[in-house]
Structures are given as C-alpha cells and as structure tokens.
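1. Here's my sequence, what's the structure:
(one chain, ligands or ions: 1)
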Amino acid sequence: MPGPKARLAVALDYPDAEQALRLVDTLGQTCQWFKVGMELYYAAGNTIIYQLRDRGFNVFLDLKLHDIPNTVAGAVRSATQAGASLLTLHASGGAAMMVAAAEAACAPGSPRLLAVTVLTSMDAAQLAGTGITASPADQVLRLAKLATQSGIDGFVCSAEEVAAVRAATGPDTLLVIPGIRPTGTAIGDQKRIATPAQAIADGASMLVVGRPITQAPNPAAAAQAIFDEIAKAEAPQNLTYP
Ligand SMILES: O=c1ccn([C@@H]2O[C@H](COP(=O)(O)O)[C@@H](O)[C@H]2O)c(=O)[nH]1
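-> Below you'll find the model as predicted:
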C-alpha cells in the first residue's frame, strides 16, 4: 500500500499561479499530488501544470468536462498534451460522452479519467431541485455503474457513499473523495462530508482537500495532521491507487 502522501491531493483553488505556487512551496515536498481546478486553470492555463510537474509533483486536472462527445474527446487529447495524470468529467454527461472520453484516453501518456458523480456540495434537496428524485447515494451508484460500463477508470463521490461504491465496484476502482473536513474545520459550501480517517477507513483511494489546508494558519501543519490521520486509519487492503 502506498504511503499517506500518495493518498492526498491538495486543491489549489487560487486565482493565479503566484498564490498557488506560494502554497506549494510552503508545503515543500510533503505532498505528491496537487489538484488544479477551473479557477486556477482558467487563469494560468497549461503553464501551471508544467510548473508543478517541473517541481516533481503529479497533477490532477479537475476540469469536470461536460459537453458533447466530440468536444470532450478533444479536451481529453488536449489534457494529454499538457501532462495531467488525472482528469475529471461529469458522469451526468452520459454514456456516449464517457465512451468518447475513454477512447480518447487510450493514447499513450493520457490521464486517467475520473467521473464526478454527485457533487459533494449537493444534498438531497438540491438534487431534487435539478429534477433527480433519487437520493444522492442511489444517484452516485447509478452514475458509477454507468461510468464503469463506459470504460472510465474511477469516480469522484462523497465519503458518505464511498463504502457502498467500493463494495459495488471492487478494489481496482479509483475512488477519489472531496468534501473532507478534519474535525473542527469549517464546512463552508460542502454538504456531504467526513473526516480523513472515516473516508480512508470506508475505502477511499485518495482524498482531495482544499480549504482545510490552504486557509489554515499553518498549511504545512494542517497537511501533516491529515497525513497522520490517513496513516492511522484502518484502510481496506489491496486497493488500487492513482
Ligand atoms: O464533488 C466534488 C467534486 C470536486 N470538488 C473539488 O474538491 C475541492 C474541495 O475543496 P475544499 O476546499 O476542501 O472544499 C474543490 O477544488 C472542489 O472543486 C468537490 O469539492 N466536490
């Protein structure tokens, strides 16, 4: 099993590369993975991916692609050129979109694809507001099944569903879990949350943590506390990791 450092991606939700790299340099080599989301990517483009890779880090490009199949396949090919190791797309884009993305990701050097199921910022009431009357747990399982059938490598879901998705999909599926809140940290806009220890014990492959680290008075200490929690958690054996 890889060490805790391979199981945490720090979300660099910053408006520019300078602020993002300041945090990266503050954390030093304690982290192996950084997540670049829409805010930073739209501001800094592929340059931030190159800068992180030059420093020796793995890049998780969280663009949550959601478009017609031809456009999403092209976006996967562009992300391959940029050198991201993981790339997200929305499972709600449907089977044809995910199949096109999976085919585009067969090229050498392509990122592994993660299908976002139900955003961790959504509860049952918000989901119902979009016309989906299934519970978040049922909808996550439905979309995870659809994504698997479409050839996608793994999923993003909340810690509330991770045990059920792990049971349904087996040890080889990558389960990447945001909405992580160490005890005592601000919840903010997240709705379906858990501590690092709970998510790991329930079968998460990797945790995504942003503000509990980036907004902490001492980000390096906050990251270290999460690594310690991951290390102590009783994780299932034989899981596949990014
Ligand atoms: O369902 C999802 C999918 C992606 N995210 C992303 O994860 C981080 C979480 O940041 P926090 O500051 O720890 O809340 C953020 O970049 C989201 O875009 C998610 O939260 N939920």
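2. Give the next helix or strand downstream of the strand of greatest length in the chain.
-> Under DSSP state E, the strand in the chain containing the largest number of residues is strand 58-65. Later in the chain than strand 58-65, the nearest helix or strand by DSSP states H and E is helix 69-82.
3. Just checking the distance from the longest strand of the chain to the centre of its chain.
-> Centroid separation between strand 58-65 and its chain, computed with Cα atoms, centre = their mean, to the nearest Å, is 8 Å.
4. Likewise for stretch 69-76?
-> 20 Å.
5. With adjacent residues omitted, what lies nearest to the residue in the chain positioned nearest to the ligand?
-> The minimum distance from the chain to the ligand, using Cβ to the nearest ligand atom, falls at Gly210 (2.7 Å). Just so you know, the C-beta spots here come from the backbone N, C-alpha and C atoms, and that holds for glycine as well. Counting by Cβ to Cβ, 6 or more residues apart in numbering, Gly210 lies nearest to Ala11, which is 3.3 Å off, once chain neighbours are set aside.
6. Around the one you found, count how many other residues there are.
-> Counted with other Cβ atoms under 10 Å, the neighbours of Ala11 add up to 22.
7. And for Phe227?
-> Residues near Phe227, counting by other Cβ under 10 Å: 17.
8. Equivalent analysis for Ala164, please.
-> Ala164 has 17 nearby residues by other Cβ under 10 Å.
9. If you tally nearby residues, what's the number for Gly83?
-> 16.
10. now this structure, which segments are flagged as low pLDDT?
-> Applying pLDDT under 70 to the chain flags residues 1.
11. what does it put close to the ligand?
-> Residues of the chain lying near the ligand by Cβ under 6 Å from any ligand atom: 11, 13, 37, 62, 116, 119-120, 156, 178-179, 188, 190, 208-212.
12. Give me the three-state assignment for the residue positioned nearest the centre of the chain.
-> For the chain, the residue nearest the mean C-alpha position is Val176 (4.8 Å; Cα atoms, centre = their mean). Secondary structure, DSSP: H, G, I helix; E, B strand; the rest coil: Val176 is strand.
13. How about Lys5?
-> Assigned by three-state DSSP, the conformation of Lys5 is helix.
14. these two touch, right, it and Cys31?
-> Yes. Lys5 is within contact range of Cys31, at 6.5 Å (criterion: Cβ atoms under 8 Å).
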